[in-house]
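[1] Got a predicted model here, sequence first, then my questions.
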Amino acid sequence: MGATGGTHKPTSRAIFVRANLWILIEVATFGLFVAFLTQGLVLAATVAIIAYFTIPFVKARFKPKPDPSKLASPETDPPE
């Protein structure tokens, strides 16, 4: 409050500094968001690529062995 009883009016410099701080905070927040989003996408892509090349080898290594009782059954292999 001023001496005359009116409301305190901030100077134009104070308004400028406050606006710049607000812009700085907004840009920094958005920058962090983009940085973490990019890191997340890179991590997801890396995991997907590794899984794409690894899963077939894992499946082939742990493939269940065929049941010996079904290998030479008359239904699947009729005698010639």
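    Received the coordinates, thanks. Numbers count the residues shown, from 1 in each chain.

[2] all strands of this protein, in order?
    Secondary structure of the chain (DSSP state E): no strands located.

[3] for the protein, which spans come out with low pLDDT?
    For the chain, applying pLDDT under 70 flags the ranges 1-6, 70-80.

[4] Could you measure from the residue nearest in space to the middle of the chain over to residue 32?
    By CA atoms, centre = their mean, the chain has its centre lying nearest to residue 40, at 3.2 Å. Noted for residue 40: a distance of 12 Å to residue 32, by CB to CB, to the nearest Å. Glycine gets a C-beta too; all of them are placed from N, C-alpha and C.

[5] which neighbours do those two share?
    Counting by CB atoms under 8 Å, 6 or more residues apart in numbering, no residue touches both residue 40 and residue 32.

[6] ok, now which ones touch residue 49?
    No contacts exist for residue 49 under CB under 8 Å, 6+ apart.

[7] mind saving the C-alpha coords of stretch 23-41 as CSV?
    Only the C-alpha atoms of stretch 23-41 are listed here, as CSV (Å, rounded to 0.1, in the frame of the first residue of the first chain):
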residue,chain,number,x,y,z
ILE,A,23,8.7,-18.4,-19.0
LEU,A,24,11.9,-19.9,-17.7
ILE,A,25,10.0,-22.3,-15.4
GLU,A,26,7.6,-23.3,-18.1
VAL,A,27,10.4,-23.9,-20.6
ALA,A,28,12.5,-25.9,-18.1
THR,A,29,9.5,-28.0,-17.2
PHE,A,30,8.7,-28.7,-20.8
GLY,A,31,12.4,-29.4,-21.5
LEU,A,32,12.6,-31.9,-18.7
PHE,A,33,9.4,-33.6,-19.9
VAL,A,34,10.8,-33.9,-23.5
ALA,A,35,14.1,-35.2,-22.1
PHE,A,36,12.5,-37.9,-20.0
LEU,A,37,10.1,-38.8,-22.8
THR,A,38,12.9,-39.1,-25.3
GLN,A,39,14.9,-41.3,-22.8
GLY,A,40,11.9,-43.4,-22.3
LEU,A,41,11.3,-43.9,-26.0
